[in-house]
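# A structural model of the following input is requested.
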Amino acid sequence: MSSSTPARTTHLALSTIFTSVLLVIGSFIVASESSKQHGNAALAAEPLQSSELITDTSPLATRVEPPVPLEAMTVASPNGVLQPMTDTTESLLLAGIPDDGRPYLVIPRLHLRMRILNGVSDPELGRGVGWYRTTAALGDKGNLGLAGHRTTKPAPFYFLDRMQVADSIFVVHEDNINRYEVIPNGEGAPTFNVSPSDVSVIGYIGFDSITLTTCTPIGTTNERLIVRGRLRATKPFLRGVSNG
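Presented below is the predicted three-dimensional model:
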């Protein structure tokens, strides 16, 4: 009897140690899995960067914006040559605007048709033309300020310096279209430059207008190239069809 007591004591001690080891291993596995799940939750809960998506009131299932289709994002290639306008350039660009209720900018001289996004930060300018929120809203009176990249994709304003006086600039908003006409500066030119800190150019200038801004010279951010247009007409617009 007494000789078997040490054996039983040793067996009990080994069992206790083995059980403790299993508990430690189990705790490690649980902690590891918990860490993985927390990482996934953090990724899913990461806030949206685009101010337009944040303010979007569409159903949750459609809040993630799909890539803009090419037919709604026509832009002359910065690596190519700006083609001259033809008799059909304007009508083709306007007919290609999708029936999605979203605002678009169309500039026939630049062969440009592109979405107008809410804001001028990188997420917006990387997907289209950005609207300065401190300027007139689409369809309102005042000076509508829009910005676009010169060389960074999609580079809608690469050829902005090619604009001419009296060129048309169109803004489609909801079921209406505004036509602006490029006006000359004090020296009769269709464009002028300002410093990046000169925000006065997007302020009200005494009549309903549009102001387009982009970086200049090409490949730098030294100055801002400015094109201005005066509102000449507003009329109903049917999307996806010829409005000629």
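
# Tell me where the model's unsure across this protein.
Low-confidence segments of the chain, defined by pLDDT under 70: 1-73, 242-244.

# Give me the domain ranges for it.
With domains defined by automatic domain parsing, the chain comprises 2-44, 61-236.

# Let's have those in JSON lines, adding mean neighbour count.
The C-beta positions use only the backbone N, C-alpha and C, and glycine is treated the same way. Formatted as JSON lines, these follow (neighbours: other CB atoms under 10 Å):
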{"stretch": "domain 2-44", "mean neighbour count": "9"}
{"stretch": "domain 61-236", "mean neighbour count": "17"}
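
# for the protein, longest strand please?
When the chain is parsed with DSSP state E, its longest strand is strand 223-236.

# That strand pairs with which strands, parallel or anti?
strand 176-182 (antiparallel), strand 191-194 (antiparallel), strand 209-216 (antiparallel) (DSSP bridges).

# The ones you listed: which one's closest to N79?
Ranking those by proximity to N79 (CB to CB) places strand 209-216 first, at 17.1 Å.

# all strands of this structure, in order?
104-107, 112-118, 129-131, 143-147, 168-173, 176-182, 191-194, 209-216, 223-236.

# Please tabulate the ones you listed in a markdown table, including the columns distance to Y158.
Formatted as a markdown table, the strands of the chain follow (distance: least, CB to CB, whole Å):
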| stretch | distance to Y158 |
| --- | --- |
| strand 104-107 | 12 |
| strand 112-118 | 10 |
| strand 129-131 | 13 |
| strand 143-147 | 14 |
| strand 168-173 | 16 |
| strand 176-182 | 17 |
| strand 191-194 | 14 |
| strand 209-216 | 8 |
| strand 223-236 | 11 |
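
# pretty sure K153 contacts R127?
No - K153 lies out of contact with R127 (CB atoms under 8 Å); the separation is 9.8 Å.

# Tell me which of the strands paired with strand 223-236 lies nearest to L231.
strand 176-182 (5.5 Å).

# Contacts for that closest one, please.
Strand 176-182 has contacts (CB atoms under 8 Å, 6 or more residues apart in numbering) with 94, 139, 163-171, 190, 209-210, 227-237, 243.

# what do you get for stretch 123-135?
For stretch 123-135, contacts defined as CB under 8 Å, 6+ apart pick out 49-52, 68, 73, 105, 114-121, 138, 142-149, 152-154, 156-157, 202-203, 211.

# repeat for stretch 203-220
Contacts with stretch 203-220, where a contact means CB under 8 Å, 6+ apart, come from 135-136, 141-151, 157-158, 160-161, 169, 171, 178, 180, 183, 193, 201-202, 221-231.

# Now with 6 Å, please.
141-148, 150, 157, 160, 169, 180, 201-202, 221, 223-231 (CB atoms under 6 Å, 6 or more residues apart in numbering).

# Over to stretch 235-244?
91, 94-95, 97, 99, 172, 175-177.

# go with 10 Å
88, 90-92, 94-102, 104, 170, 172-179 (CB atoms under 10 Å, 6 or more residues apart in numbering).

# does R115 really touch Y104, like I thought?
Yes - here R115 lies in contact with Y104, judged by CB atoms under 10 Å, at a distance of 6.1 Å.

# Would you quantify the distance from the closest residue to D198 other than its chain neighbours to T216?
Among residues not flanking D198 along the chain, R224 sits closest, at 7.2 Å (CB to CB, 6 or more residues apart in numbering). To T216, R224 is 7 Å away according to CB to CB, to the nearest Å.

# Find the residues that touch each one of the two.
Common neighbours of R224 and T216, counting by CB under 10 Å, 6+ apart, are 150, 193-194.

# And those residues, which is closest to P78?
Top of the list for closeness to P78, among these and by CB to CB, is R150 at 8.3 Å.

# contacting residues for that closest one?
78, 156-161, 213-221, 224-225.

# Apply 8 Å and report the result again.
Counted by CB under 8 Å, 6+ apart, R150 has contacts 157-158, 160, 214-216, 218, 225.

# Good, wrapping up.
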